[in-house]
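J.: show me how the following folds:
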Amino acid sequence: MVVHSEEEAYKLYNDYAIRIGFSVRKEKLRYTKNGVRQREYVRSKEGFPRDGDHLDDKKFKRLQTRTGCEASIRFTVTNGEWKVTHFNSNHNHELAKPEERPFLRSNRKIADAQLDCYNTVNKQKLINVEAGDAQSLVNHFKQKQAEDPMFFYAIQVDQENRMTNFFWRDGRSRIDYNSFGDVICFDTTYRTNKYNMICAPFVGVNHHWKNVLFGCAFLLDETTASFTWLFETFMESMGNQKPKTIFTDQCQAMKNAIRVVLPDTCHRLCLWHISKNAAENLPRHYGNPEFKSRFNKILYNCETKIEFQSCWDALLRDYNLVGNKWLSTLYENRERWCSVFSHNIFSCRMKASSRSESTNNVFQHMASKTMRLTEFVHEYEKASKNMRTEELEEDFRCKQGTSFQIVQNCGLLQHASSVYTRTMFKRFELEITSTLGVTHQDVNSDGVSFTYEVIEGGGRRVHVVHFNSSNNEITCSCKMFETLGLLCRHALRILIVKNVTELPVQYILKRWTKNAKKDNVVCDHTKSADANDEASVTSRRNELMRLVYEFFTRSAATTRHTEMCKRKIREMIEFVEKDMEMLSVARDDGERENSFVDNNVSGDVEKTNCSLNNLPILDPPCVRPKGVTNARMKSNLEKRKRKALKDITRSSNSFSF
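T.: Prediction:
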């Protein structure tokens, strides 16, 4: 091929690279006395990192992306014509998928036409708000369900057909929940619409330690009935896959609902809220730095029940707080906020529902006092899309290379770098480097099983580590792996001493790896595979839809793959119909076939808990009181401090010379 400028040459190769799935880097440029003679472009993964690059602070933070890829192109310039004289199409690495190509370094650009299209689509969405707010919301949900078969929404109405509570989530949230639904943060701190309804998002943490949205609800009140309906609806939308831990604030109605709907889930209270309540209920003591330090140790740093009880009793005795009503109530609920009572339950080692609050904070800034519910849902979708784009970009970066390692040629670090995401690898690397300050002492051994006492330098706390050399099983009394899913510095110290160079497979938690979402499909094994009842049919249909959801998404990226997908689906439909005809004949001949499904079985993939009539759904009955803002609801102590500050400011402004 021949082009006529360096810009055209670069564009020619870069366009080809983007279509294939790799990024381009400018390389050698040769001159003659008359100008450019040759220009070479290579794959961005060409070459290898130089020795000592990890010592450079700036380069230390970069990924090791060089793999020695030989793909390249060379243009030779003759009489103003740029002609291709060399081309190598060999790659030694995985190419970017269609959805990942916008993150390629040489493809990071947005055309004006794309911006105009994005703005036009969002304006068109808001034109749909022609009916009442509630009915427009229902219409929007129906449209989303037509676009996304896995979209789920549920609405409660009162006797006058006015909306009271509603919940929604899209298909991607369902897939995310399969991978990261073991820990949920649920917070009802903010009211972000003109009806004074409570915004209640369900938030988790993904494999990059970032927020992930599982769905959102709006509630008219904070009663046990409302929370029970919401948790039941949420569980139904997620295939009744129960979380291991749920974090909430201190709310009796919420506690009652969780006890009914999620009896086997560990219910943890937000320590941030407890700290705020302590400042309000114990103002004289909480202002004392020593008291606050000892109280915070009870909240965050106790590792055994004995240590917790000792610190608690000493605090009450030393500050004459025995019989304090608030502390007595707090002690009665100690199993819900003190981590020593749930050390064997996975919780991402979180101490509060701050993730949910941070998400609410995002909602607060995008909402206004007069915002319609439909407008808020649109803003939620935009925020959710941005979060997923960040996750996709981080997935792409994890695939492009491995992180630089502080300690070179360490087997455990090299193995961890190949399996963990960048963020989780950094947390693991911190534990590895912290083993330098850990000492150990062998207290028991039979040649196969070993018991060690481990102490961090300068500390008094002794950790007990048990190690079995026959299967590399290891446990530590700090319970970091049980609660976080990463081995602690105490266990890693013993693995290093025992010359273990790779992480034992049983201690690599999939949710923290680069392949956290790969082949992760939830199957309902609680029911017979041959059952013909409606619930089983719906469960199997949902399972199939979750399985092919990502396949459909990728196939829709190009016309060629879309047509290929449609052709294969038609072939499968014909195969299933023929097989069902054969089963039907066999059944008529007296052979019972339990796996046959009646075509008349009713029930949509996703149900909508709405009114049973065709009347339009009316707007919520509660109108925002005058003066209510979108801000997080303040405690009485915060309100008093705010009032005192205003009084001081007013006095200062009134002073004159």
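J.: low-confidence bits of the stretch 151-300 of the chain, can you list those?
T.: 190-194 (pLDDT under 70).
J.: alpha carbons of stretch 292-306, as PDB, please.
T.: Extracted C-alpha coordinates of stretch 292-306, given in PDB (Å, rounded to 0.1, in the frame of the first residue of the first chain):
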ATOM      1  CA  LYS A 292     -11.900   7.700  72.800                       C
ATOM      2  CA  SER A 293      -8.700   5.700  72.200                       C
ATOM      3  CA  ARG A 294      -9.800   2.900  74.400                       C
ATOM      4  CA  PHE A 295     -13.400   2.900  73.000                       C
ATOM      5  CA  ASN A 296     -12.000   2.700  69.500                       C
ATOM      6  CA  LYS A 297      -9.800  -0.200  70.400                       C
ATOM      7  CA  ILE A 298     -12.900  -2.100  71.400                       C
ATOM      8  CA  LEU A 299     -14.500  -1.200  68.100                       C
ATOM      9  CA  TYR A 300     -11.600  -2.000  65.800                       C
ATOM     10  CA  ASN A 301      -8.700  -3.800  67.400                       C
ATOM     11  CA  CYS A 302      -9.800  -6.700  69.600                       C
ATOM     12  CA  GLU A 303      -8.900 -10.100  68.200                       C
ATOM     13  CA  THR A 304     -10.400 -12.500  70.800                       C
ATOM     14  CA  LYS A 305     -13.600 -12.600  72.900                       C
ATOM     15  CA  ILE A 306     -11.500 -12.600  76.100                       C
END
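J.: residue 348: neighbour count?
T.: 21 (other C-beta atoms under 10 Å). Using the backbone N, CA and C atoms, a C-beta is placed for each residue, glycine as well.
J.: roughly how far apart are it and residue 266?
T.: Remark: distance between residue 348 and residue 266 (C-beta to C-beta, to the nearest Å) = 12 Å.
J.: what sits closest to residue 156 if chain neighbours are left out?
T.: Excluding its sequence neighbours, the residue lying closest to residue 156 (C-beta to C-beta, 6 or more residues apart in numbering) is residue 165, at 4.3 Å.
J.: and that neighbour, how close does it get to residue 220?
T.: 6 Å.
J.: which strands or helices does the helix or strand harbouring the residue nearest to residue 156 pack on?
T.: Using DSSP states H and E, the element containing residue 165 is strand 163-169. Applying 3 or more C-beta pairs under 8 Å, 6 or more residues apart in numbering; DSSP states H and E, one finds that strand 163-169 contacts helix 133-147, strand 152-157, strand 211-219, helix 224-237.
J.: using JSON lines, lay out those together with distance to residue 415 and mean neighbour count.
T.: Shown next, in JSON lines, are the helices and strands packed on strand 163-169 (distance: least, C-beta to C-beta, whole Å; neighbours: other C-beta atoms under 10 Å):
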{"stretch": "helix 133-147", "distance to residue 415": "42", "mean neighbour count": "18"}
{"stretch": "strand 152-157", "distance to residue 415": "39", "mean neighbour count": "22"}
{"stretch": "strand 211-219", "distance to residue 415": "26", "mean neighbour count": "23"}
{"stretch": "helix 224-237", "distance to residue 415": "37", "mean neighbour count": "20"}
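J.: for residue 511, which of the ones you listed is the nearest?
T.: strand 211-219 (11.0 Å; C-beta to C-beta).
J.: tell me the angle of the closest one relative to strand 163-169?
T.: Strand 211-219 and strand 163-169 are oriented at 160 degrees to each other (axes from the mean of the first three to the mean of the last three C-alpha atoms, to 10 degrees).
J.: in CSV, list the C-alpha atoms belonging to strand 211-219.
T.: C-alpha atoms of strand 211-219 as CSV (Å, rounded to 0.1, in the frame of the first residue of the first chain):
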residue,chain,number,x,y,z
ASN,A,211,-17.8,-0.1,44.5
VAL,A,212,-20.2,-2.2,42.4
LEU,A,213,-24.0,-1.6,42.3
PHE,A,214,-26.4,-4.5,42.8
GLY,A,215,-29.5,-2.4,42.6
CYS,A,216,-31.4,0.5,44.2
ALA,A,217,-34.7,1.1,45.9
PHE,A,218,-36.8,4.0,47.1
LEU,A,219,-38.9,3.6,50.2
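J.: now for residue 165 and residue 220: what residues contact both?
T.: residue 226 (C-beta atoms under 8 Å, 6 or more residues apart in numbering).
J.: is the residue nearest to residue 180 when sequence neighbours are not counted part of a helix or strand, or is it coil?
T.: Closest residue to residue 180 apart from its sequence neighbours, by C-beta to C-beta, 6+ apart: residue 204 at 4.5 Å. What DSSP: H, G, I helix; E, B strand; the rest coil gives for residue 204 is strand.
J.: so what sits opposite residue 204 in the bridge?
T.: residue 212 (DSSP bridges).
J.: burial of the residue nearest to residue 156, as a residue count?
T.: Residue 165: 25 neighbours (other C-beta under 10 Å).
J.: residue 517: neighbouring residues, count only.
T.: With other C-beta under 10 Å as criterion, residue 517 counts 19.
J.: surely it and residue 177 touch.
T.: No. Between residue 517 and residue 177 there is no contact under C-beta atoms under 8 Å: 11.0 Å.
J.: ok, residue 179 to residue 515 distance?
T.: Taken as C-beta to C-beta, the span from residue 179 to residue 515 is 10 Å.
J.: those two - which one has more neighbours?
T.: residue 179 (18 against 13).
J.: so what's the more buried one up against?
T.: Counted by C-beta under 8 Å, 6+ apart, residue 179 has contacts 206-207, 511, 516-517, 520.
J.: and the gap between it and residue 294?
T.: Counting by C-beta to C-beta, the gap from residue 179 to residue 294 is 40 Å.
J.: check residue 341 too.
T.: 19 Å.
J.: are any of the contacts of residue 179 buried, and which?
T.: Using 16 or more other C-beta atoms under 10 Å as the burial test, the contacts of residue 179 include 206-207, 511, 516-517 as buried.
J.: make TSV from those and add secondary structure to it.
T.: Shown next, in TSV, are those (three-state DSSP):
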residue	secondary structure
206	coil
207	coil
511	helix
516	coil
517	coil
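J.: and of these, the nearest to residue 259?
T.: residue 511 (26.6 Å).
J.: surely that closest one is in contact with residue 180?
T.: Yes. Using C-beta under 8 Å, residue 511 and residue 180 qualify as a contacting pair, with a distance of 6.1 Å.
J.: what touches both of those two?
T.: Common neighbours of residue 511 and residue 180 (C-beta under 8 Å, 6+ apart) are residue 207.
J.: test my guess that residue 549 contacts residue 176.
T.: No. With contact defined as C-beta under 8 Å, residue 549 does not count as touching residue 176 (11.4 Å).
J.: the more surrounded of these two?
T.: residue 176 (22 against 18).
J.: list the contacts for that one?
T.: Residue 176 touches 204, 206, 212-214, 517, counting by C-beta under 8 Å, 6+ apart.
J.: and the furthest pair within those residues?
T.: Among the contacts of residue 176, 213 and 517 lie farthest apart (C-beta to C-beta), at 14.9 Å.
J.: and the end-to-end length of stretch 183-202?
T.: 10 Å (C-alpha to C-alpha, to the nearest Å).
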